[in-house]
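> sequence and predicted model, in that order:
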Amino acid sequence: MKIATWNVNSLKVRLPHLLDWLAATQADVVCLQETKTEDAKFPREAIEAAGYQVAYVGQKTYNGVAIVSRLPLLDVQAGIPGFADEQKRVLAATVDGIRVVCVYIPNGQSLDSDKYLYKLRWLNALNAWLKDELARNPRLALLGDYNIAPEDRDVHDPAAWVGNVLVSEPEREQFRALLGLGLADAFRLFEQPEKSFSWWDYRAAGFRRDLGMRIDHILLSPELVTRCTAVEIDKAPRKLERPSDHTPVLATLTSL
DNA sequence: ATGGCGCGCGCAGCGCGA
């Protein structure tokens, strides 16, 4: 079973890339972020025609998350229970006995912004909810755009990013708090190339110069760690015309 | 590397992302 996460930065624009990528990788479950699509305009038919089911929750212009899956999506839940949030950033569903949680964690904009405080509050709420969710679901995967580079090795130039969002210590503490729930950063279960990134700025030729960050992650509960045989960042879609600024991250799990 | 790109909205140019 292959499970993946991909911030598509507008599903309307990236739908051809998504369909090509599904066909090429034969991924079984893909969590999407930044669909930027209202539910009424979601391209459900095109995804179903490719042999997938899809659950989604979106809004106009901003945010929006979806889970694409070959197998049925059960117990679909949007948002963090008990955490009032207009922004569509969370979608959970059970697929083949695995609780799949798709997240688009807030960016935070800058350390002195109200959006940064929102990011930290949001992460607190996520952590509290996941603690319960893990107790109910020992097979849990948390996939998404975290907007956090966990360590300096996940940043092309750590010195240049000091004092910025994505790398600040409170954010990294929140990331470690997720690990503290028993989750593992699946990418780091395996030997990986140096300078492994999942996002590059569109500006200043960021991709060509490899000025990237690793901010898209797959966290796995212990039961799923034992089943995980590979994790890779697939840079191929970032090389296409009109790419998303993020690449997919893909994990392979053995069957039970 | 933050003026510089790309997106949505909506028809100009702005807000936002990371």
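The structure has been received and is ready for your questions.

> show me where chain A has strands.
A:2-7, A:29-33, A:53-57, A:65-69, A:74-78, A:90-95, A:98-104, A:140-145, A:184-185, A:199-200, A:212-213, A:216-220, A:228-233, A:249-253 (DSSP state E).

> which strands and helices lie in contact with the longest helix seen in chain A?
Among the segments of chain A that qualify as a helix by DSSP state H, the longest is helix A:114-136. With contacts defined as 3 or more C-beta pairs under 8 Å, 6 or more residues apart in numbering; DSSP states H and E, helix A:114-136 has these neighbours: strand A:98-104, strand A:140-145, helix A:169-180. C-beta: built from backbone N, CA, C; applies to glycine.

> can you name the residues of chain A sitting close to DNA strand B?
A:7, A:9-10, A:12-13, A:34, A:36, A:38, A:60-62, A:106-107, A:109-110, A:115, A:145, A:147, A:156-157, A:160, A:165-166, A:199-204, A:206, A:209, A:211-213, A:215, A:242, A:245-246 (C-beta under 7 Å from any atom of the strand).

> drop anything exposed from the residues you listed.
A:7, A:9, A:34, A:36, A:106-107, A:145, A:147, A:156, A:165-166, A:199-200, A:206, A:211-213, A:215, A:245-246 (16 or more other C-beta atoms under 10 Å).

> in helices, which of those residues fall?
Using DSSP H, none of those sit in helices.

> and stretch A:87-106, C-alpha only, in PDB?
Extracted in PDB, the C-alpha atoms of stretch A:87-106 (Å, rounded to 0.1, in the frame of the first residue of the first chain):
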ATOM      1  CA  GLN A  87     -10.300  27.500   7.600                       C
ATOM      2  CA  LYS A  88     -10.600  24.100   5.900                       C
ATOM      3  CA  ARG A  89      -7.300  22.400   7.000                       C
ATOM      4  CA  VAL A  90      -8.100  19.000   8.300                       C
ATOM      5  CA  LEU A  91      -9.800  15.900   7.000                       C
ATOM      6  CA  ALA A  92      -9.600  12.400   8.400                       C
ATOM      7  CA  ALA A  93     -10.900   9.100   7.100                       C
ATOM      8  CA  THR A  94     -10.300   5.400   7.700                       C
ATOM      9  CA  VAL A  95      -8.900   3.400   4.800                       C
ATOM     10  CA  ASP A  96      -8.300  -0.300   5.000                       C
ATOM     11  CA  GLY A  97      -8.100  -0.100   8.800                       C
ATOM     12  CA  ILE A  98      -5.700   2.900   8.800                       C
ATOM     13  CA  ARG A  99      -6.800   6.200  10.200                       C
ATOM     14  CA  VAL A 100      -5.500   8.700   7.700                       C
ATOM     15  CA  VAL A 101      -5.300  12.300   8.900                       C
ATOM     16  CA  CYS A 102      -4.700  14.900   6.200                       C
ATOM     17  CA  VAL A 103      -3.500  18.300   7.500                       C
ATOM     18  CA  TYR A 104      -2.700  21.700   6.100                       C
ATOM     19  CA  ILE A 105      -1.000  23.300   9.100                       C
ATOM     20  CA  PRO A 106      -1.100  27.100   9.100                       C
END
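
> buried residues in it?
Result for stretch A:87-106 [16+ other C-beta under 10 Å]: buried residues A:88-96, A:98-106.

> CA atoms only for the lowest-mean-pLDDT helix or strand in chain A, dumped as CSV, please.
Ranked by mean pLDDT, DSSP states H and E, the weakest helix or strand in chain A is helix A:158-161, scoring a mean of 95. The C-alpha atoms that make up helix A:158-161 are tabulated as CSV, following Å, rounded to 0.1, in the frame of the first residue of the first chain:
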residue,chain,number,x,y,z
PRO,A,158,19.6,27.5,8.2
ALA,A,159,21.4,30.7,8.9
ALA,A,160,19.3,32.6,6.4
TRP,A,161,16.1,31.4,7.9
